[in-house]
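[1] Have a look at this prediction, sequence included:
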Amino acid sequence: MSYSITEPGKGIKWVAGILVVCYALITIAPLLWIIATGFKSGPDSIAYPPKVVFEPTLEGYVNLFTDRTRATSDMLEAAGPPETWYEQIARDQGTVITGASRYGERFLNSIIIGFGSTALCMILGTAAAYAFSRFRVPLKDDLLFFILSTRMMPPIAVAIPIFLMFRNLGLNDTHLGMILLYTAVNLSLSVWLLKGFIDEIPVEYEEAALIDGYTRFQAFYKVVLPQAATGIASTAIFCLIFAWNEYAFAVLLTSGTAQTAPPFIPTIIGTSGKDWPAVAAGATIFLVPVMIFTILLRKHLLRGITFGAVRK
Amino acid sequence: MAEVTLTGITKRYGNDVALNDVTMTVPDGSFVVLLGPTGAGKTTTLRMVSGLDTPDLGTVTIGGRDMAGLMPAQRDVAMVFQQYSLYPHLTVRQNLEFPLKSPILKTSQKEIDRKVGEVGEMLQISHKLDNKATALSGGEMQRVSIGRALVRDPAVFLMDEPLSSLDAKLRADLRVELKSIQADSGATLLYVTHDQIEAMTMATHVGVLDKGRLVQFGPPREIYEQPVSIYAASRLGQPRINVLPAEVFGGAPEGARTIGLRPEQIRQGDGEESRVERVERLGDQTRLHLRFKSHDIVTVTDAHTELKPGDRVKIRPEKPFYFDASGARLA
């Protein structure tokens, strides 16, 4: 009987396929549930048994982006007939739109703070990782351990000192404050991950570039960075996901100007009854940027493209 | 094109002494081959000249200029690395262009295309110019890495075993090619190898390194004919020099501990008797493995010899080398 190590048998392939599909279903199901709930009407969203087939509506999305008030007949008269499709949807629920909700600006805050801290984290992390990887840094091992030790407790354990520090520095409820905070929390992870990636890039490439007439910084920029792209991309995704999803610090340190989407979404529930479709709509939109970011960087997540031009 | 001098170069890596007080002058336009086993300090010498490492003690000059504190880019040297070190994210063409596009050279695109085409032709890699550097065989990578040095016109070429992973035919071709490039351009070339054919055929000077020390420096014929020690003598010559106790033939000068005999220093058909153990026919020459008074000797004989194992051959030394107890040659 022929036997090969590289090509698994048909049976194994089937089992593997079924396992992967099961895993995918388990992870994707809640996601699909959230997306579906966003398009349900209020009663449909809490129907029992749950409705799998339902009539889709944009009610949730309209409620997410608007502030409304229960309509009295005086108000309806004053407002006149609905002029837009979303006003119509609000009227159908017996409400009138009084203005735009704050979801848009909270979402924008999330973008600024999430991507800002990720970018800062990548710049500082790559520089530090490169130095740790290539130069003789005094007390290197101790420093690396110290950097890692900042992640040995849950960050929220130091919430109170950070809160006091932020208050005294005037960083409370500012974009800068949140960017700095998320960068500080993520930096240890990014230094360690990136150091691993840079360690794997043979130093000979830089030496070749130095000989070829480039300065150390140019060699770093032209030779190391392109090869570290894989590592930088995957590290950036980790950092972005953390900063994007972070809830506890956001609740504690932001309230008005710099509030991100995670602490805002739950507040939607309270404004007019339990509005699950609006919450689900908020969560669905919230997922999109990370999804796009990950898909854009997917190419770089495939490893092994850049290795192999140095004889070991 | 420049003279390179090393004066009193010492380099330690931790407790290992890689180079120990090395002094040598690489004359302008010469082809210097550094010989020695692994760990002798050959590659370290190249790194000292290139500026990738700096000496603990001593000075390096290129073209009369002290190199202390100068970055590799400022030294105007080109280097071929033993591990190829091609930029994996670039194509072959981009690899070859890389040094020409450096902020120091800033060559025009027309000139770049001309030089890259020329070098690609010479190294027989023209058809692979648009391949990724990683999609090449070992020999092709090595040729690209040689090409990356040859596109430039540096003060000094440094080459670290550049032909080691090529097949025999290509190696012979490139040996001739490199030698003629060097001779035509008058470039100074410092070349590391442990292939003695490369040393003998290409070098104008050979430097023999032993555990970080430069034990002999001179033209290859001089190293071959006037070695300073057993160590230097055994670097060159195929088959290797035979080293026997000095007294086996008699007539040894005072202080001699061993006698060194290259094949041409063994006269056959005259003198004392030895037994043929093995006959190796290599085509153009035939090697004789002889047993002489409980010592083994390897020598060369007529290609069409009738000798066979068990036969008796008379041998006697002719102008042999004598070495003292420390291995140094007695003049």
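    Done, it's in.
[2] Where does the nearest residue to A:Lys140 once chain neighbours are set aside sit, in terms of helix or strand?
    Leaving aside its chain neighbours, A:Lys140 sits nearest to A:Phe132 (6.2 Å; criterion: C-beta to C-beta, 6 or more residues apart in numbering or on different chains). Quick note: C-beta positions are derived from backbone N, CA and C, even for glycine. For A:Phe132, the host element (DSSP states H and E) is helix A:103-134.
[3] and that helix, what other elements does it pack with?
    helix A:59-65, helix A:140-149, helix A:175-199, helix A:225-245, helix A:261-264, helix A:276-301 (3 or more C-beta pairs under 8 Å, 6 or more residues apart in numbering or on different chains; DSSP states H and E).
[4] tell me the angle it makes with helix A:175-199.
    40 degrees (axes from the mean of the first three to the mean of the last three C-alpha atoms, to 10 degrees).
[5] What ranges does the stretch 101-250 of chain B have for its helices?
    B:109-122, B:138-150, B:168-185, B:196-202, B:220-225, B:230-235 (DSSP state H, counting those that start in this stretch).
[6] How about residues contacting the longest one?
    Translated: helix B:168-185. In this structure, residues lying in contact with helix B:168-185 by C-beta atoms under 8 Å, 6 or more residues apart in numbering or on different chains are B:1, B:31, B:122-124, B:139, B:143, B:146, B:150, B:153, B:157, B:162-163, B:166, B:187, B:189, B:197-198, B:201-202.
[7] Ok, the fifth one next?
    With contacts defined as C-beta under 8 Å, 6+ apart, helix B:220-225 is touched by B:Val33, B:Ala199, B:Met200, B:Ala203, B:His205, B:Val206, B:Val208, B:Gln216, B:Ala232, B:Arg235, B:Leu236, B:Gly237.
[8] before we move on, the earlier item: ChimeraX command for the buried members of the contacts of helix B:168-185?
    Per 16 or more other C-beta atoms under 10 Å in any protein chain shown, the buried members of the contacts of helix B:168-185 correspond to this ChimeraX selection:
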select /B:31,122,123,139,143,146,150,157,162,163,166,187,189,198,202
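[9] Among the contacts of helix B:220-225, give me the pair with the biggest separation.
    Pairwise distances across the contacts of helix B:220-225 (C-beta to C-beta) peak at 17.6 Å, for the pair B:His205 and B:Gly237.
[10] Which residue would be the closest one in the stretch 201-312 of chain A to chain B?
    Nearest residue of the stretch 201-312 of chain A to chain B, counting by C-beta to the nearest C-beta: A:Gly213, 3.0 Å away.
[11] What are the phi and psi values at that residue?
    For A:Gly213, the backbone dihedrals (degrees, to the nearest 10) come out as phi 100, psi 20.
[12] Check which residues of stretch B:306-317 are buried.
    Neighbour counts using 16+ other C-beta under 10 Å place B:Leu307, B:Val313, B:Ile315, B:Pro317 of stretch B:306-317 among the buried residues.
[13] I'd like these laid out as TSV, including pLDDT and distance to B:Glu280.
    Listed next are these as TSV, based on pLDDT from 0 to 100; distance: C-beta to C-beta, whole Å:
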residue	pLDDT	distance to B:Glu280
B:Leu307	88	11
B:Val313	90	15
B:Ile315	91	17
B:Pro317	91	22
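[14] what's near enough to touch the spatially most central residue of chain A?
    With distances taken as C-alpha atoms, centre = their mean, A:Ile241 lies nearest the centre of chain A, 3.0 Å away. Applying C-beta under 8 Å, 6+ apart to A:Ile241 gives the contacts A:Val290.
[15] pLDDT on the helix holding A:Phe132, on average?
    For helix A:103-134, mean pLDDT is 95.
[16] Can you give me the buried ones in that helix?
    By neighbour count with 16+ other C-beta under 10 Å, helix A:103-134 contains the buried residues A:103, A:105-107, A:109-110, A:112-118, A:120-122, A:124-126, A:128-130, A:132-134.
[17] Over to stretch A:209-219?
    Residues A:Ala209, A:Leu210, A:Ile211, A:Asp212, A:Gly213, A:Tyr214, A:Thr215, A:Gln218, A:Ala219 are the ones in stretch A:209-219 that count as buried (16+ other C-beta under 10 Å).
[18] elements contacting whichever helix or strand B:Met24 is part of?
    Using DSSP H and E, B:Met24 sits within strand B:16-26. Helices and strands touching strand B:16-26, by 3+ C-beta pairs under 8 Å, 6+ apart, are strand B:4-13, helix B:42-50, strand B:57-62, strand B:205-210, strand B:213-218.
[19] Alright, calling it a day.
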